[in-house]
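> structure, please.
(one chain, ligands or ions: 1)
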Amino acid sequence: MVASVDEPDRDSIAIIGELIAIPTVSRDPNRDLLAYVVGFLGRYGIASDILWNEDRTKGNLWATIGPADVPGVILSGHSDVVPVDGQSWTSDPFVMREADGLLYGRGACDMKGFLGIVLAAVPDLVRRDLKAPVHIAISYDEEFGCTGVRSLIDRLACMPVKPALCIVGEPTSMQVIIGHKGGGMYRVVVTGQAAHSSLAPRAVNAIEYAAEIIAFIKTLAREQAEHGPHDHGYDLSHSTISVNTIQGGAALNIVPDSCVFQFDIRALPDVEARDIVARIEAHVAEAILPRMKAIAPEAGVRIESVVELVGLDTDAAHPAVTFVKRLVRRNDHAKVAYGTEAGLFSASAGIVSVVCGPGSIEQAHKPDEYLALGQVEICARMIERLADQLEDEGLPW
Ligand SMILES: [Zn+2]
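A predicted model of the protein is given here:
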């Protein structure tokens, strides 16, 4: 590996460019990227295990460098990127462009940068006599609410020797993140009864009842903000609830019989999104449905879960947290508002997890997304120090 900060890590940069050139937008397959990684690892004698989805278009990749029968460290990243539709890019988002110390491209920071740096470290890792292994985990459909990684999490949960630490390399500017909110996304389908608008009182106006439910959701959101709980480790110290999409109505002179809206809950570890949804359901059953059904018995309200977001709440005093701080040479840690797969690694697989990766979350999902070369260097050094530690004595706890 390249050692000087003045000399950017050309191996990492080259691999990041190759990964960006494989356009793994979440709606599309990631098998080409997997084939690239399988080929890359294979050249160093590392076998990849792929957990495919049903139609074998997408998969999670798992690979181990070092002794598999000792608890080790997972370096984890997702392969999918968000679309570029409607975004104005200076140059082709799927051709990496290096300018002024920045690497531009879709996924540069979220999170092909991290994956490229990890792969670039492989030749060094395989050369070493590691006392504890490094695992590489690459998932799909992270941008769809972390839905892809679950088959890998299930596998990990029943491994005889579980990894001791998972570092999820989402862009944190290499800060150690120990917590993020959980929650969920929900769809509400309001079914009323249509009529000509001149007969409005005899119909069940789905939009108006949806508006009543939305107003109630807003009071719950205000209650969280005013009465908490609060955790001031977060920028926004309380749980949030917001209604973010709505559709309904066909014509201005027809009372609508259907309205669908979706809301999002970002909950602190102490708050159960499920409990909030239960309160909405109870309010609908008591205060809203009886009035709808009095006019049209077939009227109804259905609340569906779209995706569950698992929060992360790693103990700041855990030796694994201290260890990662040592690897990145900083003492601070933080909690963030956005979700990552670390919540699943922690809550569902029982593996102590932190988020720490190159690039800024400010850049993620934006046109002209970029990763600074300085971040590549810091991350490469982190992995180098991890390798040093695993070679010298294994994990220190
Ligand atoms: Zn991401």
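> how close does the residue in the chain that the ion sits nearest to get to residue 276?
In the chain, the residue that lies nearest the ion is residue 110 (4.1 Å; CB to the ion). The way it works is simple: take the backbone N, C-alpha and C, and place the C-beta from them, glycine included. Per CB to CB, to the nearest Å, residue 110 is found 28 Å from residue 276.
> which of those two has more neighbours?
Comparing residue 110 with residue 276 by neighbour count (other CB atoms under 10 Å), the higher total belongs to residue 110, at 28 against 23.
> surely the more buried one and residue 81 touch.
Yes - using CB atoms under 8 Å, residue 110 is in contact with residue 81, at 6.8 Å.
> which residues are in contact with the closest residue to residue 134 other than its chain neighbours?
Leaving aside its chain neighbours, residue 134 sits nearest to residue 65 (4.9 Å; criterion: CB to CB, 6 or more residues apart in numbering). Residues counted as contacts of residue 65 (CB atoms under 8 Å, 6 or more residues apart in numbering) are 46, 122, 125, 126, 130, 133, 134, 135, 136.
> out of those, which are inside strands?
134, 135, 136 (DSSP state E).
> and the lengthiest helix in the chain, what's buried?
In the chain, with assignment by DSSP state H, the single longest helix is helix 206-227. In terms of neighbour count (16 or more other CB atoms under 10 Å), helix 206-227 has its buried residues at 206-214, 216-217, 220-221, 224.
> need the distance between the two termini of stretch 239-253.
39 Å (CA to CA, to the nearest Å).
> what does that stretch contact?
Identification of contacts with stretch 239-253 by CB under 8 Å, 6+ apart yields 181, 183, 190, 196-198, 206-207, 210, 214, 217-218, 220-221, 224-225, 229, 256, 258-268, 271, 276.
> nearest residue to the middle of this protein?
residue 340 (3.1 Å; CA atoms, centre = their mean).
> can you classify residue 114 as helix, strand or coil?
helix (DSSP: H, G, I helix; E, B strand; the rest coil).
> same thing with residue 365?
Quick answer, by three-state DSSP: residue 365 is coil.
> same thing with residue 155?
Residue 155 - assigned by three-state DSSP - is helix.
> roughly how far apart are it and residue 117?
Residue 155 is 25 Å from residue 117, by CB to CB.
> those two - which one has more neighbours?
residue 117 (30 against 14).
> domains for the protein, by residue range?
As given by automatic domain parsing, the domain ranges for the chain are 10-180+312-392, 182-309.
> okay, those domains, which one's buried deepest?
Of all these, domain 10-180+312-392 carries the top mean neighbour count, a mean of 20, counting by mean count of other CB atoms under 10 Å.
> hang on, the earlier thing: could I get the contacts of residue 65 as CSV with pLDDT and distance to residue 397?
Shown next, in CSV, are those (pLDDT from 0 to 100; distance: CB to CB, whole Å):
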residue, pLDDT, distance to residue 397
46, 98, 26
122, 98, 25
125, 98, 21
126, 97, 25
130, 98, 17
133, 98, 16
134, 98, 17
135, 98, 17
136, 98, 22
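> tabulate those residues in a markdown table, adding columns for distance to residue 169.
Formatted as a markdown table, those follow (distance: CB to CB, whole Å):
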| residue | distance to residue 169 |
| --- | --- |
| 46 | 18 |
| 122 | 15 |
| 125 | 15 |
| 126 | 20 |
| 130 | 19 |
| 133 | 17 |
| 134 | 13 |
| 135 | 13 |
| 136 | 11 |
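> the residues you listed also near the ion: which ones?
Applying CB under 5 Å from the ion, the subset of these adjacent to the ion is empty.
> next, the residue nearest to residue 125 when sequence neighbours are not counted: phi, psi?
Of all residues not flanking residue 125 in the chain, residue 65 sits nearest, at 4.7 Å (CB to CB, 6+ apart). Per-residue torsions, residue 65: phi -120, psi 120 (degrees, to the nearest 10).
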